[in-house]
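Engineer: Output the structure for:
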Amino acid sequence: GSGEIGTDVFIADGNVTYDPDAFGDFRFRNQGGGTGGSLTIAEGASLSMDTILGDVDGQWTQFNADTLNLDNGTFRRGFGSPAEAGGVFSFGGIRSVPNMDININLTNGGRIENNGVLSFGWYLADVENRTVTMTINDGHLDLTGSDYDYLDGAAGGAGNGNLQFHQTWNEATDAPNNDQYAINFTGPGSITVDHEGILVVVQTGPTQEDFDFSTVTDLRTYEDLWEFGILQADGMSGIDGAIFDDFFRVEGDLGSDDYRLISFGETHQVPGDVNMDGKVDSGDLNIIGINWQMSGKTEAEGDLTGDGNVNAADLNILALNWQSGVPAASTVPEPGTGTILLVGLLLSACAIRPFQRACRA
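Structural biologist: As a prediction, this is how the structure comes out:
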């Protein structure tokens, strides 16, 4: 395949086309388990590759090197004819080695457009301590357009899945591998899949038939990935007690085309989080106290409503979201509870010097 071991490759001009029908699989890899090899596509450039259905070699794209950077660059593959010819694009899949740490960065409009399966790991690759982390800050995954079923007759049953995460089994140790996968949004971005959807494939034994059958047939939601800790925002997930709706919204329906995840795109999207530390607590209350009734400044710290004032309306937002975003915290209070909590916060605020004059009034 293309790409020498340990090589750093830069594409920063125009569209580079790789012909998998002529050259076979595109394999960008290292053999050392975590040292060497990066591919950077930047400045509006792109790398494109199209295959034809039936060309098994050309339908397997493998990235097993250290880093893939898409900095205002596009990695586009599989848009041949017929449309389902895209095959599998894997990170840490076939030919991966133990202790691999693969990082994919999508920034400044960077994109992966993949017609087929995009996979973190693969069920036939049983290596230990594999880590694949995708970080998105103004980046997009367009994983739409393929109907070819790569898991039919394997991995326990049918299932294609535009986006897949494979939890594998190690035959040597007769135990699950320590597969660590994450898609971490640190800014705006999106993921779009079609009706084939998302799978988290779980292998339960050493053979190709040892699988939790439901994991190759039951589609997962974006909220599921959040609760599993795979989908993250600034390194936080449902495992940390963070709230999905504070960071993302979803368009479309599971199992339908154009099922889309959209990141809000700002650090720590927790209403009331004045100091941007991912939680709403006394630190935010203190800042509102320091700036209490400050007016005439459109960016007054603590102005949660954006009206240029720091007043009871901002304190109300704080109350309604008190302790949201904190690991293991209670859920956001209902409005009635929030009103009671607002009174409590106002009483607590009276102990803070900047609030005292307002409390006496």
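
Engineer: isn't L68 right up against I104?
Structural biologist: Yes - the criterion here is Cβ atoms under 8 Å, and L68 meets it with I104 at 4.6 Å. Where you see a C-beta, it was placed from the backbone N, CA and C, and this is true even at glycine.

Engineer: Overlap in contacts, the two.
Structural biologist: Applying Cβ atoms under 8 Å, 6 or more residues apart in numbering, one finds that L68 and I104 are jointly contacted by F91.

Engineer: which residues of the stretch 201-350 of the chain score low on pLDDT?
Structural biologist: Across the stretch 201-350 of the chain, the ranges flagged by pLDDT under 70 are 266-270, 276-278, 293-300, 324-350.

Engineer: Below-threshold pLDDT in the stretch 1-150 of the chain: ranges please.
Structural biologist: Checking the stretch 1-150 of the chain against pLDDT under 70 turns up 1-6, 30-35, 53-58, 79-86, 146-150.

Engineer: in it, which spans are strands?
Structural biologist: Per DSSP state E, counting those that start in this stretch, the stretch 1-150 of the chain carries strands over the ranges 8-11, 15-18, 27-29, 38-42, 46-49, 60-64, 67-71, 74-77, 88-91, 101-114, 117-120, 131-143.

Engineer: Tell me which of the ones you listed sits most buried.
Structural biologist: Comparing the strands of the stretch 1-150 of the chain on average neighbours per residue, with mean count of other Cβ atoms under 10 Å, the densest one is strand 117-120 at a mean of 27.

Engineer: Let's see that one as CSV, backbone CA atoms only.
Structural biologist: The C-alpha trace of strand 117-120 is given here as CSV (Å, rounded to 0.1, in the frame of the first residue of the first chain):
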residue,chain,number,x,y,z
VAL,A,117,-17.9,1.7,7.1
LEU,A,118,-15.7,3.9,9.3
SER,A,119,-14.4,1.7,12.0
PHE,A,120,-12.5,2.1,15.3
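
Engineer: List the neighbouring strands of that strand plus their orientation.
Structural biologist: Sheet partners assigned to strand 117-120 using DSSP bridges are listed as strand 88-91 (parallel), strand 163-167 (parallel).

Engineer: will you turn these into JSON lines that also has distance to N64?
Structural biologist: Output for the strands paired with strand 117-120, formatted as JSON lines (distance: least, Cβ to Cβ, whole Å):
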{"stretch": "strand 88-91", "distance to N64": "8"}
{"stretch": "strand 163-167", "distance to N64": "14"}
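
Engineer: closest to I198 out of those?
Structural biologist: Among the strands paired with strand 117-120, the nearest to I198 by Cβ to Cβ is strand 163-167 (4.7 Å).

Engineer: And that closest one, what's buried?
Structural biologist: For strand 163-167, burial by neighbour count (16 or more other Cβ atoms under 10 Å) applies to 163-167.

Engineer: Look at the residue most central in space within the chain and give its secondary structure.
Structural biologist: For the chain, the residue nearest the mean C-alpha position is I183 (2.6 Å; Cα atoms, centre = their mean). Following DSSP: H, G, I helix; E, B strand; the rest coil, the label given to I183 is strand.

Engineer: so how far is D218 from the nearest residue to N15 once chain neighbours are set aside?
Structural biologist: Spatially, and ignoring its direct neighbours in sequence, N15 is nearest to S46 (4.7 Å; Cβ to Cβ, 6 or more residues apart in numbering). S46 is 35 Å from D218, where distance means Cβ to Cβ, to the nearest Å.

Engineer: what do you get for D8?
Structural biologist: When D8 is compared with D218 (using Cβ to Cβ), they lie 40 Å apart.

Engineer: which residues does the nearest residue to G197 once chain neighbours are set aside contact?
Structural biologist: Spatial nearest neighbour of G197, excluding adjacent residues (Cβ to Cβ, 6+ apart): L219 at 3.8 Å. Residues near L219 by Cβ under 8 Å, 6+ apart: 161, 197-199, 254-255.

Engineer: do that again at 7 Å, thanks
Structural biologist: 197-199, 254-255 (Cβ atoms under 7 Å, 6 or more residues apart in numbering).
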